[in-house]
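1. curious how this folds, go ahead:
(one chain, ligands or ions: 1)
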Amino acid sequence: MNSVISPEKIDQYLKHLTSVPHLAASPRNNKLADYVLAEWKEFGLEDVHLVPYDVLLSFPEKISVELISPYYQKLNLREKIYKEDPDTQRTDVGIPYNAYSRSGDITAPIVYANSGNPQDYEYLEKKGIDLKGKIALVRYSTPYSYRGFKAYTAEKRGIAGLLIFSDPNEDGYAKGPVYPEGPWGPISHIQRGGIPYDFIYPGDPLTPGWASIPGCQRIPEKEALSLPKIISVPISAQDALPLLKAMDGEEAPSAWKGALPVPYRIGGSKAVVHMLVKMNDPIKRIFNVIGCIKGTEKTDEIVVVGNHRDAWVFGGYDPSSGTACMIELARALAQAKKAGFVPRRTIYFGSWDAEEFTLTGSTEWGEDHREWLKKNLVAYLNVDSSASGKNFSVQAVPSLFPLIVQALRQVKDPSSGQSVYDSWKSGPSEKGTIAIASGSGQINPIGSGTDHAVFLNHIGAPALDMTFSGDYGVYHSMYDNYYWMSHFGDPGMHYTATLARIWAHMVIDLSCRHLIPLDYETYTRELRKYLEDWAELYDSRRKKSKGLFLLLSDMEKRALVLTPYLMGKKTGIEHIPEENIQKANQLLIQIERDFTDPKGIPYRDWFKHLVFGARYTYDVLLFPALTEAAEAGDEDKVDQSLLDLEESVKKATLKLEEISKLITTN
Ligand SMILES: [Zn+2]
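-> Next comes the predicted model:
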């Protein structure tokens, strides 16, 4: 498998995928659906087909932003052309915009609100600035929050218009050499992106919780809770500069200051801006591409791998490097099949559409096949983007930790020559990560922001998302293209090939082992850690959480017995009757589902998982219902959430017990 996967082939796919901008529902992105379909058919995948959904998308017709006082200046709203990079000279890169911004025409004084988080506006209010009807200028990052959360926060504060800029402090010249000399964003780069409130529900805003199959029912736009009611435009640092220069008022706190050569004032009176945004929000047809490698058909168990195909512009790293990686994964596995490889379980490949809008294609497919997936989905393995550098980075549910480690041990790091596992565990650790028992590598708890959401948060299946990360300052700009990938992100495509190999090992392990290799010992241990962190904040004497801790100990005991069997360390598994194996696997699949609540979590019932969630900012939120209840000081809800979790752990423990009876009789 390692030698079949070819960096040269990946490079060819990437060149093709990135040669023309391919926004969702554009003729080019639909052509790329046909391209993926044709490649997969040629490789020999089975049942390859397009799956159409009709969904609400959002495109700009006209956007202009101008400073009208104290002097006139029209903002450029375009990125600079470079002669080295022919892609930047194309005329079809489109108007940079925020998808699902409202249309509007407003003229108002501008305030600077740092990152646009609630505490930023509180600071301005304390300074006596009236926010109602103002235009807010905010920055991406520092502290990071999802741009849709910035829009949501501004809307709640009565802000009329939002301008979001990329400060060179976060992703530009303050970090290092900028494009086209280096990987960081030049001063004119613009981060496009959707601003839907997908933390309430992702997918088509007009079909919350059901699939947008052609002809389906829809709610009116005004009832769609995921649609913003504010107008918003993304701008470059270059365009933010004249606005910041024109602003008066007090100087902003030092933490609010970035790398632009201005004092960063909070504004509020002197500088007046005119924003005109005319959007067109049509229902458009999008296409997922689905294909599979059929298993032995002893069971209906399935493993799904996925990546999105649509890009804001050329999509060099995000997502076409991931798409190229998945095409090559399909080729390698299809070739193995021709050589006689038949997995026990069916492997599905999903090329999702319109992820950039609101995780649309994957969400609609997940909702479309909810009952089938609930019953049969073993795990979902996502690669949004494959390599912007050399640092392996993964977010996952704990039952998949050993699978990850196992795969990393079997694949070589192209730079060091040692295993990826060895480079990874000695690498720099990221903030907010957790160590695993079998090494000092770091696996991040899984949050939100890409296509795994429907599978993990809605269906309740084990999921992961992985990449090789590095210096990357051109996110959602037109500079995220082939030139960037081949000069900075992954020259020679060696790390993308490495990721395809890691992915292949995981898929083979999950689809071939008699007993599904999900590790509930690690799962339980991690749950206890999450609960300890929670208790330290909200229940340090463990008055309320004691019962749950006890139940977790019980679950861990049950899981420990099974670990050698599930992790393939026990001989004699072949003597277990096939019928028992099948029953055990069906139970194993359902354990993650035990941690979901069909009612969903409060205020956003699309999200069913009781352990893994995300904040509105996209930050990981463990025990979402429990934590939010504790933060709100709602003791009744805390009690209820603890009871729900106790129920989940009890159900899971019972299943582990049943599995023991089925497979450990000797
Ligand atoms: Zn992406």
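2. what's next to stretch 585-600, contact-wise?
-> Residues from elsewhere that reach stretch 585-600 (Cβ atoms under 8 Å, 6 or more residues apart in numbering): 299, 301, 374-378, 397, 399, 459-462, 515-516, 518, 520, 523, 566, 605-611, 625, 644, 648, 651-652, 655-656, 658-659, 662. Bear in mind the C-beta positions are built from the backbone N, C-alpha and C, glycine included.
3. show me which of those are buried.
-> Among these, those that count as buried by neighbour count (16 or more other Cβ atoms under 10 Å) are 299, 301, 374, 376-378, 397, 399, 459-462, 515-516, 518, 520, 523, 566, 606-611, 625, 644, 648, 651-652, 655-656, 659, 662.
4. compute the first-to-last residue distance for stretch 587-598.
-> End-to-end distance of stretch 587-598 (Cα to Cα, to the nearest Å): 18 Å.
5. quick one: neighbours of residue 326, just the number.
-> By other Cβ atoms under 10 Å, 27 other residues sit near residue 326.
6. please apply the same query to residue 486.
-> Under the neighbour criterion other Cβ under 10 Å, residue 486 is assigned a count of 17.
7. relative to the ion, how far out is it?
-> Per Cβ to the ion, to the nearest Å, residue 486 is found 19 Å from the ion.
8. give me the pLDDT for that residue.
-> For residue 486, the model assigns a pLDDT of 98.
9. repeat that for residue 664.
-> pLDDT recorded at residue 664 is 88.
10. which part of the stretch 51-200 of the chain gets nearest to the ion, residue-wise?
-> Residue nearest to the ion within the stretch 51-200 of the chain: residue 193 (10.1 Å; Cβ to the ion).
11. so who does that residue touch?
-> 98-99, 147, 234, 312, 356, 476.
12. now secondary structure and neighbour count too, for the residues you listed, in TSV please.
-> Shown next, in TSV, are those (DSSP: H, G, I helix; E, B strand; the rest coil; neighbours: other Cβ atoms under 10 Å):
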residue	secondary structure	neighbour count
98	strand	29
99	strand	25
147	helix	23
234	strand	25
312	coil	27
356	helix	22
476	coil	23
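13. which residues of the stretch 351-500 of the chain score low on pLDDT?
-> Within the stretch 351-500 of the chain, the ranges that satisfy pLDDT under 70 run 427-441.
14. how about the residue in it that the ion sits nearest to, nearest residue that isn't a chain neighbour?
-> At 4.1 Å from the ion, residue 384 is the closest residue in the stretch 351-500 of the chain, using Cβ to the ion. Distance criterion Cβ to Cβ, 6 or more residues apart in numbering; nearest residue to residue 384, sequence neighbours excluded, is residue 450 at 4.5 Å.
15. so how many other residues sit close to the one you found?
-> 24.
16. that one: helix or strand, and which one exactly?
-> Secondary structure assigned from DSSP states H and E places residue 450 in neither a helix nor a strand.
17. so who does it touch?
-> 308, 355, 359, 382, 384, 465.
18. neighbour-wise, which of those leads?
-> Within these, most neighbours by other Cβ under 10 Å means residue 308, with 31 neighbours.
19. which residues does that residue form beta bridges with?
-> residue 352 (DSSP bridges).
20. about what we covered before: confirm that the residue of the stretch 351-500 of the chain closest to the ion sits in a strand.
-> No: Residue 384 is assigned coil when assessed by DSSP: H, G, I helix; E, B strand; the rest coil, not a strand.
21. pretty sure it is in contact with residue 322, am I right?
-> Yes: at 5.4 Å, residue 384 and residue 322 qualify as touching, with contact defined as Cβ atoms under 8 Å.
22. before we move on, the earlier item: and the buried ones among the contacts of stretch 585-600 near the ion, which?
-> Restricting those to those touching the ion (Cβ under 5 Å from the ion) yields no residues.
23. which of the residues you listed fall in strands?
-> Under the assignment DSSP state E, the buried ones among the contacts of stretch 585-600 contribute 377-378 to strands.
24. tell me the spacing between the closest residue to residue 608 other than its chain neighbours and residue 638.
-> Setting aside the residues directly before and after it, residue 608 is nearest to residue 596 in space (Cβ to Cβ, 6+ apart), at 4.0 Å. From residue 596 over to residue 638 the distance is 19 Å, taken as Cβ to Cβ, to the nearest Å.
25. with residue 194 instead?
-> From residue 194 to residue 638 the distance is 33 Å (Cβ to Cβ).
26. who's more crowded, those two?
-> More neighbours surround residue 194 than the other of residue 194 and residue 638, with 27 against 23 (other Cβ under 10 Å).
27. beta-bridge partners for that one, please?
-> Note on residue 194: beta-bridge partners residue 99, judged by DSSP bridges.
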